[in-house]
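Enquirer: mind folding the following:
(4 chains)
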Number of protein chains: 2
Amino acid sequence: MTKQDQSLTKNQSLVFKALAGSEVPLTAYGLLDRLRTEGFKAPPQVYRALEALVDRGMVHRLESLNAFVACAHESCHPSGLVAFAICDDCGQATEFNDEFVAQRLQSWSAERSFKPHRTTIEIRGECGECHGLTC
Amino acid sequence: MTKQDQSLTKNQSLVFKALAGSEVPLTAYGLLDRLRTEGFKAPPQVYRALEALVDRGMVHRLESLNAFVACAHESCHPSGLVAFAICDDCGQATEFNDEFVAQRLQSWSAERSFKPHRTTIEIRGECGECHGLTC
DNA sequence: TATCGTATGATATAACATACCATAGTTCGG
DNA sequence: CCGAACTATGGTATGTTATATCATACGATA
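Expert: Numbering: from 1, shown residues only, chains lettered A, B, ... in the order given. You can find the predicted model right below:
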């Protein structure tokens, strides 16, 4: 249990563990199904926990999948830009940061007095593993 | 009517015109409502037209809004990366291209043998117009 | 005119998300 | 101790977004 877990509520902790234990992103309803054994019964329980976790930066939402992943970093870059490469074959979502890209988008925004709150970068494609195979 | 419109079907043309005539992105159901006067009755009609238009690059999907906008360019960068700055106040979505960002993400992908198909970049925030005002 | 492909119409349902109200426990000032 | 305020939770109902499926119409062409 990491330090951040300490202040998580029971439900938040359960949702986070489920995401952290998954190889691939999970949807809210996918989480709900996995957590029924833990007593979860309805969507709001999942969505409430997810909202809190996303606010903390411990979980990221993948807009193009309507799904969620645990942040790859122990203590996440709170204001930093996060990008994902998502394989449409195996479903794996690889998180990465690129200072250069962040800088560049920042500059674009600054030049136009646009105040960014949250930035989404998602590359959908096929990972090396998958297109190396015959499939 | 631009040259590209020529080969559009009736429904595709109606959907495209509706998007092109809108200041802000529209959802599929928003489009459906606007097109009821044109005989549209059900979601699949809208979604089918949108799919064709997105495939052509004439329309872009905004993942973080579940909405759609007409491409800002006459003849769109087909394989090019498109980014959006979306104002959460006024709803305007500004399309832009950045070669450096495209390059950079391309490099990241190439280094990992990741084959990108489609990339989403969306900056949610507040535009200059809006935060300049008292609101 | 028979057949094929494409566009369209229409229904039903799946998948994703939130509004709202109720209940239980905790903290803290009076 | 009591009650107000706050937070977490449970639960129902509903709203919103998207697609599967089957049926129908229409143009091209051999």
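Enquirer: please count neighbours and contacts with C-alpha atoms only from this point.
Expert: Will do.
Enquirer: pLDDT of the strand ranked longest in chain A, averaged?
Expert: Counting residues, the longest strand found in chain A (DSSP state E) is strand A:115-126. The average pLDDT within strand A:115-126 is 97.
Enquirer: in it, what's buried?
Expert: Using 16 or more other C-alpha atoms under 10 Å in any protein chain shown as the test for burial, strand A:115-126 gives A:115-116, A:119-126.
Enquirer: can I get those in TSV with distance to DNA strand C?
Expert: As requested, the buried residues of strand A:115-126 are arranged in TSV below (distance: C-alpha to the nearest atom of the strand, whole Å):
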residue	distance to DNA strand C
A:Lys115	22
A:Pro116	19
A:Thr119	16
A:Thr120	14
A:Ile121	16
A:Glu122	15
A:Ile123	18
A:Arg124	16
A:Gly125	18
A:Glu126	20
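Enquirer: quick check: the farthest pair among these?
Expert: A:Lys115 and A:Glu126 (32.9 Å; C-alpha to C-alpha).
Enquirer: and the longest strand of chain A, anywhere near DNA strand D?
Expert: No. Against DNA strand D, strand A:115-126 shows no contacts by C-alpha under 7 Å from any atom of the strand, the least distance being 14.6 Å.
Enquirer: in the strand or helix carrying A:Ala102, what's buried?
Expert: Taking DSSP states H and E as the criterion, A:Ala102 maps to helix A:99-111. Buried residues in helix A:99-111, counted by 16+ other C-alpha under 10 Å: A:101-102, A:105-106, A:109.
Enquirer: what angle do strand B:115-126 and the longest strand of chain A make with each other?
Expert: Comparing the axes of strand A:115-126 and strand B:115-126 via axes from the mean of the first three to the mean of the last three C-alpha atoms, to 10 degrees yields an angle of 170 degrees.
Enquirer: which pLDDT does the model give A:Gln4?
Expert: 50.
Enquirer: what of the one 10 residues further on?
Expert: According to the per-residue confidence, A:Leu14 scores 98 in pLDDT.
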